[in-house]
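**Student:** pasting the sequence and the predicted coordinates here, then a few questions.
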Amino acid sequence: MKLRYLFLGSFLSYSALLFSQPKGVPDYFAYPLSIKPKLNANFGEMRPNHFHMGLDLSTESRENLPVFAPADGYISRVKIELGGFGRAIYLDHPNGTTTLYAHMNKFIPVAENYLEEQQYEKQTWKIDLPVPSGLLPVKKGQLIGYSGNTGASQGPHVHFEIRDTKTENCLNPLRFRFLLPDVTPPDVFRLVFYDRDRSIYEQTPIVYPLIKKGGSYQTASRVELPFDKAFVAIQATDRMSGVPNANGFYAAYLKIENEEVSSFILDNISYDKTRYLNGHIDYTTRMKGGSYYQMLFPSQKMDLPIYKVKDKIYVSITEMVQDCEIEVLDAYENLSSVKFSIKRKPGVGNVWQKSGKPMAAGDVNIYEDENIQFVFNEDAFYDDFHFEIKSINTIATHDVSSVFQTFPADIPVQSYFKVRIKPSKDLDLMNLDRLVIKRNYRGKTEIKKAVPEKGGFSASFRDFGFFQLVHDIQPPQVSTTLHQGAKLHTGSRIHFDVIDDLKVIKEFKVMVDGQFLLFTPSGVRYNYVVDDHFPKGEHKLSAFVMDESGNTVSKEFTVTRN
């Protein structure tokens with residue numbers, strides 16, 4: 001069958017580009033590794049707070065495999081960060097696309113030299129560096145660097161993306177057909193239903209396991225629902241032929257009595273929109289340890305252009321039996337069909353009541369009492385729900401307020417919201433600039449500098465959990481093997497270990513006679529290998545560290561470079 005594209009006008013140029021590629025035959029793009037193609041993950045997989053926006057190319061659990069340009073172009077950008085992509089390099093190509101290679105260990109020498117020059121000029125290791133057009137050209141098949149495991153990588157691989165150069169939207173690389181052919185259709189496991197007259201977050205979904213009969217998936221019995229308006233979701237994955245690991249699928253179409261009523265396609269998504277994954281799934285179920293249930297309709301408030309809906313964002317359920325079908329496809333157009341019938345169950349639906357302050361999707365929402373305030377923008381929530389706060393008293397020396405717990409905690413928030421907390425004790429006026437707001441949830445801690453505001457202190461966050469105002473006057477701890485009078489030479493290694501009680505280092509800098517030295521972070525350790533940037537002779541080496549609240553520590557050494 002032919003794939004159907006949403007929002008045709010915005011996809012015309014992209015569709016022409018895609019379908020100019022012979023299906024199953026490498027054409028414009030070559031595979032960027034010299035080993036047999038294999039995917040660890042594909043485009044559109046569900047990840048915490050985002051869609052996976054590219055392909056994870058297997059490097060067979062090895063690092064330092066050569067990576068090659070898949071087409072002519074030039075190096076247009078280099079990005080270096082401790083988490084995220086780690087070390088990433090971007091190529092612009094004449095066909096209007098950009099390819100990205102992340103978690104790399106090393107780039108080709110000309111790129112490494114340009115990168116280091118700019119890091120020293122800007123006095124920063126972390127950098128997002130545009131490269132002038134044509135400065136570093138590459139040819140198809142030319143070496144561009146070596147694979148690695150840097151950044152937020154869970155093991156050696158290459159994260160590969162294809163983007164529209166003009167919009168920077170990520171395109172589904174599998175639509176370009178430069179991998180091995182795939183003839184394996186998606187696997188579909190469950191049908192899931194919700195009462196559209198209630199909040200997605202305040203109900204237990206009705207789940208129907210699926211069984212495969214003949215050429216389609218089916219429910220063991222007719223779907224009977226105790227409500228009039230149904231929100232529909234599915235649980236499904238896909239596999240490439242010959243590869244056992246489960247990946248994301250590409251598209252799903254819902255038909256009622258052979259008429260298509262809703263669909264989504266996971267393609268052409270910007271990083272500005274990728275967090276909308278939290279509205280595309282049943283977030284509450286997932287956060288409680290359940291599966292990823294993907295919605296066939298957009299949530300109440302959703303700014304993610306992947307859906308096509310005929311006229312309403314639900315299925316009307318009546319006492320008349322309706323025959324339904326969901327087509328689930330991968331990017332190679334392999335199709336799995338789910339067939340079921342649906343009707344209204346006699347009787348009334350569940351009567352429900354919720355405590356707490358109503359939060360309305362699409363509105364500015366404010367919750368406040370005498371101790372804490374939350375302010376949410378119009379785009380914060382995907383659906384309505386009820387919100388309340390429970391306070392927990394604490395007695396630790398540096399605690400400036402109670403701990404405030406949000407109920408419920410497993411609600412997705414799209415945009416940053418403001419939290420303002422009133423201190424519950426008198427503050428040292430000399431150290432008001434050392435206040436931070438700490439958020440904890442599920443073993444993760446987030447620290448934000450607290451800003452004075454209306455008798456309290458505020459900061460912005462993007463997730464719920466436990467919030468507290470804390471007085472942070474403890475400076476970071478810094479240790480090093482360097483000592484006074486140290487004798488250094490080319491190749492000597494210097495490292496500093498930096499530990500903070502709240503685990504947030506805002507600034508780390510080392511200077512030799514006032515000139516910047518480029519140290520590379522790795523966890524709590526910062527490393528430098530003596531090179532030409534460290535002049536010969538006797539010098540003063542100074543290290544400066546500052547945490548999120550502004551506590552600082554400095555160390556100075558007199559050293560000699562031979």
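**Tutor:** Now that the structure is in, tell me what you want to look at.
**Student:** hmm, who's touching stretch 552-559?
**Tutor:** Outside stretch 552-559, the residues that touch it by CB atoms under 8 Å, 6 or more residues apart in numbering are 475-478, 480, 482-488, 538-546. Every residue, glycine included, has its C-beta placed from N, CA and C.
**Student:** and the residue lying closest to residue 518 once chain neighbours are set aside, how far is that from residue 423?
**Tutor:** Nearest non-adjacent residue to residue 518, counting by CB to CB, 6 or more residues apart in numbering: residue 119, 5.5 Å away. Applying CB to CB, to the nearest Å, the value for residue 119 to residue 423 is 41 Å.
**Student:** what does residue 546 give?
**Tutor:** The separation that residue 546 has from residue 423, given CB to CB, amounts to 24 Å.
**Student:** shouldn't residue 130 be in contact with residue 74?
**Tutor:** No - between residue 130 and residue 74 there is no contact under CB atoms under 8 Å: 11.8 Å.
**Student:** those two: who's more crowded?
**Tutor:** Applying other CB atoms under 10 Å to residue 130 and residue 74 shows that residue 74 carries more neighbours, namely 18 against 11.
**Student:** now the more buried one, which residues is it bridged with?
**Tutor:** residue 92, residue 137 (DSSP bridges).
**Student:** which residues touch it?
**Tutor:** So residue 74 contacts 91, 92, 131, 133, 134, 135, 136, 137, 138 (CB under 8 Å, 6+ apart).
**Student:** who wins on neighbours among those residues?
**Tutor:** Neighbour-wise, these (other CB under 10 Å) top out at residue 91, 25 neighbours.
**Student:** now that one: how far from residue 69?
**Tutor:** Per CB to CB, residue 91 is found 6 Å from residue 69.
**Student:** okay, and the common contacts of the two?
**Tutor:** 138, 144.
**Student:** sorry, back to before: wasn't the residue nearest to residue 518 part of a helix?
**Tutor:** Yes - applying DSSP: H, G, I helix; E, B strand; the rest coil, one finds residue 119 inside a helix.
**Student:** what is the burial count for the residue nearest to residue 275 when sequence neighbours are not counted?
**Tutor:** Among residues not flanking residue 275 along the chain, residue 49 sits closest, at 5.6 Å (CB to CB, 6+ apart). Residue 49 has 13 neighbours, counted by other CB under 10 Å.
**Student:** per-residue pLDDT of residue 49, please?
**Tutor:** pLDDT, the model's per-residue confidence, is 96 for residue 49.
**Student:** you'd agree it is up against residue 276?
**Tutor:** No - in this structure, residue 49 is not within contact of residue 276 by CB under 8 Å, at 9.9 Å.
**Student:** quick revisit: if I pick the residue nearest to residue 275, what's in contact with it?
**Tutor:** Contacts of residue 49 by CB under 8 Å, 6+ apart are 275, 277, 278.
**Student:** just the residues you listed: which are in helices?
**Tutor:** In this view, these that belong to helices under DSSP state H are 277, 278.
**Student:** which residues touch the residue lying closest to residue 425 once chain neighbours are set aside?
**Tutor:** Sequence neighbours aside, residue 400 is the residue nearest to residue 425 in space, at 6.2 Å (criterion: CB to CB, 6+ apart). If a contact means CB under 8 Å, 6+ apart, then residue 400 has 423, 424, 425, 427, 435, 468, 469, 470, 471 as its contacts.
**Student:** most neighbours, which of the contacts of residue 49?
**Tutor:** residue 277 (24 neighbours).
**Student:** domains for this protein, by residue range?
**Tutor:** The chain is divided into the following domains under automatic domain parsing: 8-176, 187-344, 357-471, 477-561.
**Student:** mean confidence score for the second one?
**Tutor:** Summarised as a single mean, pLDDT over domain 187-344 is 94.
**Student:** and that domain, end to end?
**Tutor:** End-to-end distance of domain 187-344: 28 Å, with CA to CA, to the nearest Å as the criterion.
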